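Colleague: fold the following.
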Amino acid sequence: MLRHFFKRLGDFPRNRRGNIAILFSLLLVPITVLSGGAVDINQALNARARLSRALDAAALAVGVRTSISENEATALALDFVGANYPDREIGAIQNLTVHLDQDNDRVTVRAESRVETIILGLIGIEHITVHWESEVQRARSSLELVMVLDNTGSMGGSKISSLRSAGLLLTDILFDGADADRLKIGLVPFSATVNVGTQYDRAWWLDPDAQSPLHSENFDPSANRWDLYDSIQNRAWEGCVEARAIPHDVEDTLPTTSDPQTLFLPYFAPDESNYANNAGYSNSYLNDGMGGSNERARMRNTPKYTNSSINSSSRGPQWGCTARPITPLTNQRSTIDDAIEDMIANGTTNIPIGVSWGVRVLSPGMPFTEGVGFDEDDTIKAMVVLTDGENYLDGRNNPNYSNYSGYGFMRDGRLGIQSRSDNTIRNALDDRTEAACEYAKSLGIRVYTITFQVSSSSTRDMMRDCATHPSLYYDSPSDTALRSAFEMIAGDLTNLRLSR
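Modeller: A predicted model of the protein is given here:
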């Protein structure tokens with residue numbers, strides 16, 4: 001039919017019959033208006049699409065702020081609409097309104113866009129007004145979030161400053177839009193190990209009676225690490241802990257005195273041998289107290305700690321304990337912000353020990369009990385894990401096989417291997433990272449991961465796999481990208497949805 005119509009239309013100019021010419025003249029104007037009017041209509045449709053996107057952004061911006069008034073909400077919505085629908089675009093925004101439904105936790109933003117016509121104006125249609133309405137349903141779930149953040153030496157300088165800024169941005173967005181009773185945030189800074197805080201000195205779950213078989217590792221069989229700390233004149237436990245035996249290292253197994261392997265260990269880096277002028281050792285801080293060439297025996301000579309004093313330039317038993325203490329879940333913004341501001345950069349990277357303590361911060365069980373149960377349907381549990389580099393622990397060509405870390409010496413096999421190879425150690429740490437991430441996800445924790453200026457493709461792949469979904473992984477090659485990642489995570493965690 002259309003082919004027939006246009007064929008007949010094409011015959012009009014060539015037809016010499018008078019009635020045809022008159023009919024063609026009469027139809028020429030409406031045909032021109034209709035064809036030109038399609039351009040005006042298309043412009044109006046484009047304006048409506050832009051209007052919908054601008055109102056969606058405005059509704060989401062208003063939705064995250066639960067304590068906002070309607071006048072403040074309208075001003076905020078106008079700002080967002082102006083940013084997303086600038087004056088240079090076709091159409092003029094008018095009649096914007098915001099409705100806050102406090103009873104149902106909904107936000108509705110309505111507006112119009114008036115589009116001036118060009119061709120349709122010839123027949124008196126001077127403008128087309130398009131309408132749109134965006135509705136956001138506010139979250140009614142509570143949120144428990146823990147940030148597991150790399151505080152190693154490679155994060156020094158501007159990088160730790162950028163991390164602090166991005167972390168504060170996240171808390172700013174979440175606390176600004178949250179009911180204080182529905183939001184808790186915790187922080188786990190990590191390096192070679194984590195720090196639970198000195199307030200737990202000799203806590204029952206930190207094995208004060210030395211029941212764990214790992215407690216006397218690298219010491220005499222009857223040694224108690226707490227007693228060793230007490231016997232050193234100028235050193236005290238600084239709050240760091242070591243990993244439990246596999247699989248408890250990454251799992252949220254409740255500590256119990258009836259099963260000593262579930263108890264945690266106070267971090268204690270042994271005095272390494274000073275045999276052969278400290279060849280191959282990184283942390284020799286006492287006289288071995290015995291002669292002979294058996295370097296392991298010299299290290300394990302526990303009486304040397306009694307009434308000892310350590311040179312002020314040595315970290316001694318806390319060598320490798322560099323991270324600031326964990327901040328348990330809290331709804332006090334100042335508490336979490338102060339902890340973020342206090343982060344420092346020092347030490348080596350041990351991602352699995354960070355993730356495992358992130359799970360324990362979210363857990364309702366000991367040693368931290370601020371979280372609700374994992375089976376609480378009205379609470380979202382989430383974890384943000386950030387690293388700026390690969391897992392790493394120095395392998396050493398000495399009888400200990402490595403430097404000391406949260407997994408002890410590699411000779412002792414607590415990481416599942418006995419190796420001096422840096423690559424082998426890294427691969428083992430990567431395996432435990434994968435296990436820790438899978439365990440966290442099995443508990444229903446929503447895991448977000450961020451790599452910050454990471455060049456290793458294998459580490460980026462590992463962190464992508466660690467996330468609950470690949471879309472929750474963010475590679476941040478710059479400070480700007482890092483802030484953007486935290487901003488997008490904050491937006492996702494507000495748990496808003498466009499309902500209309």
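
Colleague: host element of residue 55?
Modeller: Using DSSP states H and E, residue 55 falls within helix 18-63.

Colleague: quick check: buried residues in whichever helix or strand comes after that helix?
Modeller: Per DSSP H and E, helix 18-63 leads on to helix 70-84 as the next helix or strand towards the C-terminus. Neighbour counts over helix 70-84 (16 or more other Cβ atoms under 10 Å) mark 73, 74, 76, 77, 78, 80, 81, 84 as buried. Every C-beta, even on glycine, is put in place using the N, C-alpha and C of the backbone.

Colleague: and what of stretch 125-133?
Modeller: 128, 130, 132.

Colleague: isn't the first one right next to residue 119, touching?
Modeller: No: proximity of residue 128 to residue 119 does not meet the contact threshold set by Cβ atoms under 8 Å, at 11.5 Å.

Colleague: overlap in contacts, those two.
Modeller: By Cβ atoms under 8 Å, 6 or more residues apart in numbering, residue 128 and residue 119 have these common neighbours: residue 40.

Colleague: give me the mean pLDDT for stretch 289-303.
Modeller: The average of the pLDDT scores along stretch 289-303 is 91.

Colleague: where does the stretch 401-500 of the chain dip in pLDDT?
Modeller: Within the stretch 401-500 of the chain, the segments meeting pLDDT under 70 span 495-500.

Colleague: if we go to 80?
Modeller: Residue ranges of the stretch 401-500 of the chain with pLDDT under 80: 494-500.

Colleague: can you give me the helices in it?
Modeller: 422-442, 457-466, 479-493 (DSSP state H, counting those that start in this stretch).

Colleague: equivalent analysis for the stretch 201-350 of the chain, please.
Modeller: For the stretch 201-350 of the chain, the helices defined by DSSP H, counting those that start in this stretch cover 225-231, 295-299, 333-341.

Colleague: any chance of JSON lines for these, columns mean neighbour count and distance to residue 429?
Modeller: Listed next are these as JSON lines, based on neighbours: other Cβ atoms under 10 Å; distance: least, Cβ to Cβ, whole Å:
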{"stretch": "helix 225-231", "mean neighbour count": "18", "distance to residue 429": "24"}
{"stretch": "helix 295-299", "mean neighbour count": "19", "distance to residue 429": "23"}
{"stretch": "helix 333-341", "mean neighbour count": "17", "distance to residue 429": "25"}
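
Colleague: quick one, grab the pLDDT at residue 149.
Modeller: 98.

Colleague: ok, back up a step: from the buried residues of stretch 125-133, pick the one nearest residue 346.
Modeller: The shortest separation between residue 346 and any of the buried residues of stretch 125-133 is 52.7 Å, and it belongs to residue 132 (by Cβ to Cβ).

Colleague: and the closest one, what element?
Modeller: Using DSSP H and E, residue 132 falls within strand 127-137.

Colleague: elements contacting that strand?
Modeller: helix 18-63, strand 106-116, strand 497-498 (3 or more Cβ pairs under 8 Å, 6 or more residues apart in numbering; DSSP states H and E).
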